[in-house]
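A.B. asks: Got a sequence here, can you build the structure:
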Amino acid sequence: MKFFLGKSSHNLAIDRTQLYREFYEFKKTVSHGFPSNPSCIAYDNHHKLIALGTKNGSIQIYGKPGVEFYYQFENEDEIQDILFIPKLKQLLCLLSDHSMCLLKISSEPSQVSITKLHQNNDFVGEKQAELLITSLALNCEENLLFLGLSNGDISCLNSNDLSKNNEKAIKQEKILKSIEEELKFKPGSVEIIQEHPKHRNKILIGYGRCLIVFWNYETDSVINYFLIEQQLEHLSWNPNGSEFISCHNDGSFNTWSINQEQHECKNSKLPYGPFPCKAIKKIFWHTSNEGEYYIFNGGMPRASYSDKQTVSIIFTSKESKNEKNIALDFSSKIVDFLLVYSDTDCTKLNALVVLAIEEIVVIDLKNPDWPQFKLPYLACLHSSPITCSQYCSEVSLEIYKKIVECSQRDFNHRFSSNEWPIDGGVSSVSNEHNDQHNLLITGHEDGTVRFWDASTIALRHLHTINTSKLFNLNDDDLALIDGDDHELSNDEDENEWPPFKKVGQFDPYSDDPRQAIRKLSFQSEQNILAIGGTAGQLIVMQFNDDPIEMIPSFINVKLIDEKDSFVWKGHGALTPRKSTIHFPMGFQPISLVQFFPPAALTALTISCSWKVISIGTAHGFSLFDYSRNIAVIAKSTLKSANISSVMGGDALISRRKSFKKSLRESFRRLRRSRSQKSKRNLDHKNSSKLQEVNRQFNKYDSTDTKPVERPIEAKSQEDLMSSMIRFLYFCTCTIINNQAYPTFWVGTNSGTLYIYVLINEKNSPKTTSWQLAKEVQLKHKAPIIFIRLVDSHGRPLSENQVTDNEKTNPSRVLICSEEQFKLFSLPNFKTLNKFKLTANEGSRVRRMDIAKFRNKNHEEQIEYSLLCLTNLGDVNIFSSIDFRRKFQHHFIKKEDINGISSLVFTNTGEGFYLKSSSEYQRFSLSSRNIGFLESFID
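C.D. replies: Here you go, the predicted model:
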């Protein structure tokens, strides 16, 4: 009988596992933002695709919005160069170990969009250390790959399989024998190889020192050669093929004719001279019916602008002969740049793409003002470091359209109105909006709040709110909105030489660290946005269709009574502006609150049902009525023992005990155990041997069924920062008198729970007030990080929702700390279920939420489950009723503190986390969600 029961239990476990697979599956879906540490860039003019390589061995390819390809090399070697082979729909990569890989881009919908075809390791290893690859080039027929080497030779490979083609190899020794003159220096390594735009068997070979050779690789002969005095950096052909240009390390560029008889240059130009200049690293020369373009990187005067990162555009009109010169000024180091053409013959110039370390910028060259394109992907999320975020699902179409309208107003005068020039590829997943609209809202260190459209594959920037305009920063009473700083700098630099123009969004510097955003809460039902800052500032904003003008007026709320012996030693509050501020259509402040002490907000929640906002800091909490602009509750959670620990601002949380305290408690436990032994009943000493054996058996049985619990040290009220507020929550439930009341819940860092109810006052029945109903202390005293009201089936209830029949189907409250999950019945707070995560597994909770999952085979089957992220980087899915584990997956390194702390769950089983400071990784825990990008090229 026992055998059959065991088999039945085993089969039940298998069925349950199979059922869970129909609901839960971990998949990394797409990346949003800009890749960390980019190293190179390439453009496929035939398929209209752009590829970025990084120092950690990843390749990201983009076309039109929604078309994205990803590939990661296993060894994570740096990608030094990329070449597209358009005819073969392939991609050639040069890695830092000097191996070359040939990748195939999918031409039909597939889960694997890029596959590896061949690898060449001829230049890998100690034996080939003197033969480093210094340059790459592909001939126009795309069948031959030229490899410039550090010894001056050129090796050739067949592009289809990366096999060696020794017949086409070019030896430097043979070239030097064909040159009549004796060179002053050895030419050195091959820095650049450029094929002639008209004659496909002729190439320019640029050596690092003193020599440029025009070579025919069909006849193995020198057509012409050119002597240079400066170190060579780059070469570029004129489209007519009769001339080319070279740039050098002294900031000059030279123009050459391929048929000139004199081998020295007589046409040199120093664009930002005459004083010594930095090297021009790369240059392009383009002529068209409109005029002539010189586009180059660097060349700035060393004495004045050696720290500038620039790409200069010099255009000379054919009609007017006027020269237009502008130096695009970037905030981070430039990696590379390239040109995008409207046609495959590369005759019609369309755009300039500049890759910098921290962002990518695309300039519209069709527009005479050369404005930037608004990026549909590769957005600079970290234009200012991200400090907090919130995900809002199923935002109403009305508010979504209003935000989009604001974005169009903001961007029309700053960005190009032309179509995005990189529009290749096909995506089987639609990038068009469906009925629902999802927003990702990010708070930043510079006081800005940014709205992003997260409804599709590409994360699109919608709108920016700048809260710094409400304050005087650095004694400056000038209000700047998003983008104004760039425009003002343009006016100031109008008469400056070189003529700088600030471009890009990356700005790592903050005027004042106190303006950083710490907490966000957005309620799309009433278009209310609450913003909490580092200096105790709370800004409540509401969307308004009409512009207004106002003078900021802050309401001061004190969380600590003046009678307490508390002296704040941290930073002061921000100073509000005293002049009138103009707010255009969009989010406008309706309440401005300053809390004292001016510490950073640690928790923030809005209740639109009762028009209140709750905030928490390290010193206490407050409930603010934004409809009447008054503080309804202002309570300090400080105890006399830890007042000194929170006087100085953002102290670190430490829960270790002193050695003296540990010894003292150990002796106390020893005395208690001795006293308990003396009080034992004598009958226990005379117990029979049979009872003793039974106890031993029971002991072994219990150890088999119960997991081994780690000893968790009890936390006392004297622990550092126990007064900090960790979680705030609103709901309607039965707390007193078996009646449902609006309630306000506060969870602290020491496991204390405050519950307030909204009731009518006895003396004035029409007047309501929030009164403390219960104060609960968790025994293990761990920080409370999640509270949610659920019904008997584990479904979460909204803040003003009650169960259909409270008597037969009573609501329950789920309270989760960093160490335990507990499910309580209401109103008596009886424990129904609990799970000790830290005691059983040694990990601690960092993020929690409840999400809805649908069966991938049967859409009508729905489950609500508890999502949990631990400090070890594991994501767990539990039942919200009995805490049975349904799924577990490790995907973030436990050392990646920034990634773990930045994670945001959604209510549909998705999530976002920062895999670098500039890039969100999106993932899904639902089997129904799409887990890959089915992009391909025609």
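
A.B. asks: Under the pLDDT cut-off, which ranges of this structure? List them.
C.D. replies: For the chain, the stretches flagged by pLDDT under 70 are 1-15, 126-130, 429-435, 474-495, 563-564, 640-720, 762-767, 802-809, 930-933.

A.B. asks: Show me the domain layout of it.
C.D. replies: 117-393, 402-638 (automatic domain parsing).

A.B. asks: Could you export those as JSON lines, including mean neighbour count and distance to residue 911?
C.D. replies: In short, each C-beta sits where N, CA and C put it, glycine included. Below are the domains of the chain laid out as JSON lines (neighbours: other Cβ atoms under 10 Å; distance: least, Cβ to Cβ, whole Å):
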{"stretch": "domain 117-393", "mean neighbour count": "18", "distance to residue 911": "9"}
{"stretch": "domain 402-638", "mean neighbour count": "18", "distance to residue 911": "11"}
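
A.B. asks: Now that residue 77 has come up, it's in contact with residue 97, right?
C.D. replies: Yes: using Cβ atoms under 8 Å, residue 77 is in contact with residue 97, at 5.6 Å.

A.B. asks: mind checking the SS state of residue 898?
C.D. replies: helix (DSSP: H, G, I helix; E, B strand; the rest coil).

A.B. asks: ok, back up a step: what about residue 77 and residue 97, which has more around it?
C.D. replies: residue 77 (17 against 13; other Cβ atoms under 10 Å).

A.B. asks: which ones are touching the more buried one?
C.D. replies: By Cβ atoms under 8 Å, 6 or more residues apart in numbering, residue 77 lies in contact with 57, 95-97, 99.

A.B. asks: between those, which is closest to residue 411?
C.D. replies: Taking Cβ to Cβ as the measure, residue 411 sits nearest to residue 57 out of the contacts of residue 77, at 34.7 Å.

A.B. asks: Tell me how many other residues crowd the closest one.
C.D. replies: Residues lying near residue 57 (other Cβ under 10 Å) number 19.

A.B. asks: Correct me if wrong: it contacts residue 70.
C.D. replies: No: the pair residue 57 / residue 70 is not scored as a contact, 11.7 Å apart, by Cβ under 8 Å.

A.B. asks: so residue 746 makes contact with residue 620?
C.D. replies: No: Residue 746 lies out of contact with residue 620 (Cβ under 8 Å); the separation is 9.3 Å.

A.B. asks: overlap in contacts of these two?
C.D. replies: residue 725.

A.B. asks: before we move on, back to that, now secondary structure too, for the contacts of residue 77, in a markdown table please.
C.D. replies: As requested, those are exported to a markdown table (three-state DSSP):
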| residue | secondary structure |
| --- | --- |
| 57 | coil |
| 95 | strand |
| 96 | coil |
| 97 | coil |
| 99 | coil |
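
A.B. asks: and the gap between the residue nearest to residue 243 when sequence neighbours are not counted and residue 241?
C.D. replies: Closest residue in space to residue 243, ignoring its immediate chain neighbours: residue 257 at 5.4 Å, by Cβ to Cβ, 6 or more residues apart in numbering. Residue 257 sits at a distance of 11 Å from residue 241 (criterion: Cβ to Cβ, to the nearest Å).

A.B. asks: and what of residue 278?
C.D. replies: Residue 278 sits 30 Å away from residue 241, going by Cβ to Cβ.

A.B. asks: Pipe the contacts of residue 77 into JSON lines and attach distance to residue 468 per row.
C.D. replies: Putting those into JSON lines (distance: Cβ to Cβ, whole Å) gives the following:
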{"residue": "57", "distance to residue 468": "39"}
{"residue": "95", "distance to residue 468": "44"}
{"residue": "96", "distance to residue 468": "42"}
{"residue": "97", "distance to residue 468": "47"}
{"residue": "99", "distance to residue 468": "49"}
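
A.B. asks: which of the residues you listed lies closest to residue 832?
C.D. replies: The closest of these, once distances to residue 832 are taken by Cβ to Cβ, is residue 57, at 49.7 Å.

A.B. asks: Report the contact partners of that closest one.
C.D. replies: Taking Cβ under 8 Å, 6+ apart, we find residue 57 in contact with 72-79, 95.

A.B. asks: swap the cut-off to 7 Å and go again
C.D. replies: Applying Cβ atoms under 7 Å, 6 or more residues apart in numbering to residue 57 gives the contacts 72-73, 75-79.

A.B. asks: Can you show me the strands along the stretch 201-350 of the chain?
C.D. replies: Here the stretch 201-350 of the chain has its strands, by DSSP state E, counting those that start in this stretch, at 202-207, 211-216, 221-227, 232-237, 243-248, 253-257, 268-269, 280-287, 291-298, 309-317, 323-330, 334-341, 349-356.

A.B. asks: Let me have those strands in a markdown table, adding distance to residue 631 as columns.
C.D. replies: Formatted as a markdown table, the strands of the stretch 201-350 of the chain follow (distance: least, Cβ to Cβ, whole Å):
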| stretch | distance to residue 631 |
| --- | --- |
| strand 202-207 | 71 |
| strand 211-216 | 75 |
| strand 221-227 | 78 |
| strand 232-237 | 64 |
| strand 243-248 | 65 |
| strand 253-257 | 66 |
| strand 268-269 | 68 |
| strand 280-287 | 59 |
| strand 291-298 | 56 |
| strand 309-317 | 48 |
| strand 323-330 | 46 |
| strand 334-341 | 51 |
| strand 349-356 | 46 |
